[in-house]
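Colleague: I need the structure of the sequence given here:
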Amino acid sequence: MKVKEIMTDQVVSVERYDPVTKAAGLMKQCDIGSVPVRSEGKFCGILTDRDIVLRCVASGDSAENMTVGQIMTSGELACVSPEHSVTEAARIMAKEQVRRLPVCKNGEVVGMISLSDIASTKQMFSETAAAFCDICGKKKRK
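Modeller: Predicted coordinates for the structure are as follows:
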């Protein structure tokens with residue numbers, strides 16, 4: 001099974017200079033845990049609910065005064081293409097210890113895939129279980 005068959009293709013994104021409150025509001029409105037970040041029209045990072053909690057709220061900073069770019073994850077970001085297998089996406093999630101991956105084509109985010117997307121696919125149960133175990137740092141039971 002390919003990523004394109006189960007990914008979410010309705011992607012909302014934010015700009016790196018948007019306030020964190022805007023991103024958080026969008027995440028709440030769309031009931032999502034992460035958003036791709038763009039700068040000058042190009043994908044440059046990802047912002048997760050965890051980034052907001054750990055890098056903003058827990059540090060005592062004000063979300064109104066911080067920009068997405070100040071707390072987002074950037075650099076060498078893990079992503080997959082729509083043509084990757086779902087099994088490979090689960091392996092990447094496990095290796096990187098993330099629950100969501102941007103799906104990129106020609107440098108643009110065309111979708112998102114999450115462990116819950118994979119988990120909802122019955123034939124992917126063992127891959128999902130292995131990825132959850134790896135992310136949690138636990139050994140898979142035999």
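Colleague: for the residue most central in space within the chain, give the beta-bridge partners.
Modeller: Taking Cα atoms, centre = their mean as the criterion, residue 100 is the residue nearest the geometric centre of the chain, at 3.4 Å. Beta-bridge partners of residue 100, counted by DSSP bridges, are residue 114.
Colleague: alpha carbons only: can I get stretch 96-103 in CSV?
Modeller: Only the C-alpha atoms of stretch 96-103 are listed here, as CSV (Å, rounded to 0.1, in the frame of the first residue of the first chain):
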residue,chain,number,x,y,z
GLU,A,96,12.7,9.5,13.9
GLN,A,97,10.3,9.0,16.9
VAL,A,98,7.5,11.1,15.4
ARG,A,99,3.8,10.5,15.0
ARG,A,100,3.3,12.5,11.8
LEU,A,101,5.2,13.0,8.5
PRO,A,102,4.8,15.5,5.8
VAL,A,103,4.2,14.0,2.4
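Colleague: any idea of the mean pLDDT for that stretch?
Modeller: Stretch 96-103 carries an average pLDDT of 92.
Colleague: from the chain's centre, how far out does it sit?
Modeller: Stretch 96-103 sits 5 Å away from the centroid of its parent chain (Cα atoms, centre = their mean, to the nearest Å).
Colleague: now do stretch 91-101
Modeller: How far stretch 91-101 lies from its chain's middle: 9 Å, per Cα atoms, centre = their mean.
Colleague: buried set for that stretch?
Modeller: Applying a neighbour-count criterion of 16 or more other Cβ atoms under 10 Å, one finds 91, 92, 93, 94, 98, 99, 100, 101 buried in stretch 91-101. Glycine gets a C-beta too; all of them are placed from N, C-alpha and C.
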